[in-house]
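In: coordinates only, sequence not included:
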């Protein structure tokens, strides 16, 4: 099967994940590109079997990165060159593709879907944390919050799904606030907050600066 084309760069004004990978960040940007690739497959799939076949191609290609040179696919080459040497294995990335494959399954119910969306964000943030050199128990929780908030805005989400995903995201946010946030891990909580609120301006900038300096989660208030 021919691999899907790589995705365009994200809009830096609207994508909270760009807080975790700026220009020239060769390590984390391929991980974000891979998530966008999977999201694009899910969003464009009209026949579940075809979408699952495309994701199976990615699963096998990612798993093979641990033992063989990457094929001529830029995302795979960048992952092997910049991500695997840091300790994120191809097998771990292949597990991520399995989650997206499950999201295409029309037979799963919404609680199962919520659990998969939750796991998608936790896996992405854990992998990014390895690249970031960050460790904190709240990173996976912040990833789940970001992923649920992101999924609440998917164009095919029904109003009830939007409400359920938004409520689950806010629950993960409250759980994340209860965790300690050492300096290296703080950008991950900022991404979760940006996904939940989509706020900009001077007040948001001051809150961000204050949290990065102090780690005080009370600066965000309650949600």
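Out: Okay, I see it. Treat the numbers as computed from the prediction; the structure is a model and nothing was measured. Numbering: from 1, shown residues only.
In: hey, let's count contacts and neighbours off CA atoms from now on
Out: Will do.
In: What score does the nearest residue to residue 20 once chain neighbours are set aside have for pLDDT?
Out: Nearest residue to residue 20 in three dimensions, chain neighbours excluded: residue 187, at 6.6 Å (CA to CA, 6 or more residues apart in numbering). On pLDDT, residue 187 comes in at 86.
In: and residue 187, which of the three is it?
Out: At residue 187 the chain is in helix, as set by DSSP: H, G, I helix; E, B strand; the rest coil.
In: Wait, it touches residue 18, no?
Out: No: at 10.3 Å, residue 187 and residue 18 do not qualify as touching, with contact defined as CA atoms under 8 Å.
In: got a list of what residue 153 touches?
Out: Contact analysis of residue 153 by CA atoms under 8 Å, 6 or more residues apart in numbering lists residue 162.
In: From residue 147, how far off is it?
Out: Per CA to CA, to the nearest Å, residue 153 is found 10 Å from residue 147.
In: circling back to that earlier point, higher neighbour count, residue 187 and residue 18?
Out: Neighbour count, other CA atoms under 10 Å: between residue 187 and residue 18, residue 187 has more, with 22 against 18.
In: So which elements touch the longest helix along the chain?
Out: Looking across the chain with DSSP state H, the single longest helix is helix 110-132. Applying 3 or more CA pairs under 8 Å, 6 or more residues apart in numbering; DSSP states H and E, one finds that helix 110-132 contacts helix 29-44, helix 90-104, helix 139-152.
In: Let me have these in CSV, extended by mean pLDDT.
Out: Shown next, in CSV, are those (pLDDT from 0 to 100):
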stretch, mean pLDDT
helix 29-44, 92
helix 90-104, 94
helix 139-152, 94
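In: right, and those - which one's nearest residue 52?
Out: Nearest to residue 52, of all these, is helix 90-104, at 5.3 Å by CA to CA.
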